[in-house]
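>>> Have a look; sequence and predicted model below, questions after that.
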Number of protein chains: 2
Amino acid sequence: MAPGDSPIGSLPADQLHAALRDLVTEAQELNVGAVTELDQVPTPLEFMRYVAQNRPFVVRGGARHWPARTQWSNDHLRSIMGDQLVTVAITPNGYADALVDGRFFVEPFQKQMPFGEVVDILEQKQAQRQLTDSTARPPPKHYLAYHYYIQSQNGNIEGDYQRLKREIPADIDFATEALGYRPDAVNFWMGEASSVTSLHKDPYENIYVVLAGSKTFTLYPPTECYCLYERFYQAAEYHEEETASSPSSVPRLVLKPKDDHPDIPWVSVDPLDSSPETQVAHPRFHQLARPLTVTVNSGDMLYLPALWYHHVQQRQDIRGRVIAVNYWYDMNYSAPLFPYFKFAQNIVALVHPPK
Amino acid sequence: MAPGDSPIGSLPADQLHAALRDLVTEAQELNVGAVTELDQVPTPLEFMRYVAQNRPFVVRGGARHWPARTQWSNDHLRSIMGDQLVTVAITPNGYADALVDGRFFVEPFQKQMPFGEVVDILEQKQAQRQLTDSTARPPPKHYLAYHYYIQSQNGNIEGDYQRLKREIPADIDFATEALGYRPDAVNFWMGEASSVTSLHKDPYENIYVVLAGSKTFTLYPPTECYCLYERFYQAAEYHEEETASSPSSVPRLVLKPKDDHPDIPWVSVDPLDSSPETQVAHPRFHQLARPLTVTVNSGDMLYLPALWYHHVQQRQDIRGRVIAVNYWYDMNYSAPLFPYFKFAQNIVALVHPPK
């Protein structure tokens, strides 16, 4: 303790709350409350200004001319990729890597399947949806009740999806030139409307390109960490029910806690939940946070800056698919954002202990 | 208070100290501990990367070819500017806008003088210094005991120094193109080795060009605010002693507190002071802070990023002058740095109240 320091143990928590509230509102007041809309891709220098400001933008039609946008019919994808085994996240409700029962952080059941089968399932589910006369609707095959999402974020374009690699750009020109390095990972995504990505953040500068369907992003800047009630949750995952495996190998899913796994820190709030319970439990989320919402349509390109919390909903195209590709560029850990973000997160953890 | 929040009034200050210490050391560990040396000016994009990272660099010889560097002899300056009245900061010790007696924040005596007289005085002081045989040295005229510094930072190139405007660039090409706007202020500086600028920060992206002599900057990043012991000090200024004014109008200077003036927040530490007293009073400054030091020679160009604390010493050239020009570009208040900096400053104020 230095001369002039406050005596240890005497700090009023309300002053910390006030400082955290000021951080949230000041950043809000200094920024426009919307995602900037561009009608052409930025120059590298323009992009670097957005990176420096840590602000998102969407380029309407930024990927309009990508061949994949028109070429990636289900038949084309099956012809190239049909027999390729890929990892699919399967859940009973569309929520993979999300909270269940306010208690568990649940990972999906992960299954290796031929890619063609995934396309078939999405097509069948779409066909069912299109039977508007419900009396004419046949009872769904039980595996169609599950939700399938290709969401492996391990640079899968170099792995399971290597056959699609030459059909999309290897990187995003303006971003590679601006940052001075190539993407760390490129990921292929495919799913349907029922799949929802729960609110989280990534330590990457993210260029997100939708190629079929649309995705609606609900975004919170890193400065709003105080509003999101990050806590530790018990790890769990969906398992195939052991007794029920059939030759068609469609899993029946049950939630199983991972007993020996460390707890997982995750955001407690859900932008789709405005129940009285969450209004009481998470007042800062409902009263102080100010999300930006943007729908990214097929052919659009979103810049999602490092450490922005994002929640994603999607709508399939008429063929039953939502397809996207994203480019993850390493964030610059030497810039002020990262250490300041961690600092604010540490202060939040003092006023609202995550355990 | 939300469910799960810590009870009001129970937060241990040592956890805040730990979080602040982590902020300082993490930023140190994620960055190289030196000012980057460039041998040519950056492109706009390269510059924008430094801005995004909030990191300084020096361009050796970056202003080597500026005509002012060779043209600005004392005779040339007198011929253009001799009769122009300018504002000069005069102090008994070289410390303008600095702490005195650990009690006062003291502004210099500010005098309007013909620019030619300032040049004459700097020349005379230099001539005295060059009399190496001290027995041959005449007693100095008393006004030569004072310290003169042209340091008005009000965009003076549009004011007192307008006649010099066409002899320097109106802006810094790479910075104007990178940021997308022109400098908010361009300032002319002239003084001698005895003038020291005390540790402070400015809310500007600063391009600092030395044209005669050299300047040594001691720099602390904004994340080290915790180490600098910002406090409030009583405002004071140097006045001309009323009884002693003579026709030559050289002031005798006395320090006078400004009684009705609000106190001024200022950094308590001095990088030139390593006395036992400051070691005890400011342990974080001596044990935790990690300054970057860079000497900017005539013809060099320094990028001093927004909110970096800087202390400046200087050495005159053989003609007795240190001359510099700086370009202040508005900082981007919408980027994360500003709200996070203020947040950390608020937390520092909780553990070390500035009043």
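Ah, there it is.
>>> Just say helix, strand or coil for the spatially closest residue to A:Glu224 that is not a sequence neighbour.
Sequence neighbours aside, A:Ala289 is the residue nearest to A:Glu224 in space, at 5.1 Å (criterion: C-beta to C-beta, 6 or more residues apart in numbering or on different chains). Quick note: C-beta positions are derived from backbone N, CA and C, even for glycine. Put simply, A:Ala289 is coil when judged by DSSP: H, G, I helix; E, B strand; the rest coil.
>>> Distance of A:Ala289 relative to B:Ala335?
Distance of A:Ala289 to B:Ala335, computed by C-beta to C-beta, to the nearest Å: 20 Å.
>>> Which residue of these two possesses the greater neighbour count?
Neighbour totals were compared for A:Ala289 and B:Ala335, and B:Ala335 leads with 25 against 20 (other C-beta atoms under 10 Å in any protein chain shown).
>>> In contact with the more buried one, which residues are there?
A:52-54 (C-beta atoms under 8 Å, 6 or more residues apart in numbering or on different chains).
>>> what about it, which SS state?
B:Ala335 ends up coil, using three-state DSSP.
>>> relative orientation of the helix or strand harbouring A:Met48 and helix B:44-53 in degrees?
Assigned by DSSP states H and E, A:Met48 belongs to helix A:44-53. Interaxial angle, helix A:44-53 versus helix B:44-53 (axes from the mean of the first three to the mean of the last three C-alpha atoms, to 10 degrees): 0 degrees.
>>> buried stuff in stretch A:253-266?
Neighbour-count burial for stretch A:253-266 flags A:253, A:258, A:264, A:266 (criterion: 16 or more other C-beta atoms under 10 Å in any protein chain shown).
>>> same deal with stretch A:55-65?
In stretch A:55-65, residues buried by neighbour count (16+ other C-beta under 10 Å) are A:55-59, A:62-63.
>>> Which of those residues fall within strands?
A:57-59 (DSSP state E).
>>> Export the residues you listed as JSON lines, with columns for distance to A:Pro12 and pLDDT.
Putting those into JSON lines (distance: C-beta to C-beta, whole Å; pLDDT from 0 to 100) gives the following:
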{"residue": "A:Phe57", "distance to A:Pro12": "40", "pLDDT": "98"}
{"residue": "A:Val58", "distance to A:Pro12": "42", "pLDDT": "98"}
{"residue": "A:Val59", "distance to A:Pro12": "47", "pLDDT": "98"}
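>>> ok, so of these, who is nearest B:Asn187?
A:Phe57 (34.9 Å; C-beta to C-beta).
>>> residues touching the closest residue to the closest one other than its chain neighbours, list them.
Leaving aside its sequence neighbours, A:Phe57 sits nearest to A:Thr36 (C-beta to C-beta, 6+ apart; 4.2 Å). Shown in contact with A:Thr36 (C-beta under 8 Å, 6+ apart): A:50, A:55-58.
>>> okay if I get those as JSON lines plus distance to B:Asn297?
Converted to JSON lines, these look like this (distance: C-beta to C-beta, whole Å):
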{"residue": "A:Tyr50", "distance to B:Asn297": "36"}
{"residue": "A:Arg55", "distance to B:Asn297": "38"}
{"residue": "A:Pro56", "distance to B:Asn297": "43"}
{"residue": "A:Phe57", "distance to B:Asn297": "41"}
{"residue": "A:Val58", "distance to B:Asn297": "47"}
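>>> Looking at the buried residues of stretch A:55-65, which is nearest B:Phe188?
Closest approach to B:Phe188 among the buried residues of stretch A:55-65 (C-beta to C-beta): A:Arg55, at 35.7 Å.
>>> Got phi/psi on that closest one?
In terms of degrees, to the nearest 10, the main-chain angles of A:Arg55 are phi -130, psi 140.
>>> Let me know the average pLDDT across stretch A:234-243.
In this model, stretch A:234-243 has an average pLDDT of 86.
>>> How much space separates the residue nearest to A:Phe57 from chain B?
In this structure, A:Thr36 and chain B are 11 Å apart, going by C-beta to the nearest C-beta, to the nearest Å.
>>> before we move on, the earlier item: what's in contact with the helix holding A:Met48?
A:36, A:42, A:56-57, A:173-175, A:177-179, A:205, A:303, A:305, B:44-45, B:48-49, B:51-52, B:177-180, B:332, B:334-335.
>>> and of the ones in strands among the buried residues of stretch A:55-65, the nearest to chain B?
Distance to chain B, by C-beta to the nearest C-beta, is smallest for A:Phe57 among these, at 13.2 Å.
>>> Look up the residues forming beta bridges with that closest one.
A:Thr36, A:Tyr303 (DSSP bridges).
>>> Could you grab the helix/strand/coil label for the residue nearest the centre of chain A?
Most central in chain A under C-alpha atoms, centre = their mean is A:Thr197, positioned 4.7 Å from the mean C-alpha point. Secondary structure assignment for A:Thr197 (three-state DSSP): strand.
>>> what are the bridge partners for it, then?
Applying DSSP bridges, one finds that A:Thr197 bridges with A:Ala96, A:Val312.
>>> dump the residue contacts of it.
A:Thr197 touches A:96-97, A:151, A:310-312, counting by C-beta under 8 Å, 6+ apart.
>>> likewise A:Phe109?
Applying C-beta under 8 Å, 6+ apart, the residues near A:Phe109 are A:89-91, A:237-240, A:251, A:253.
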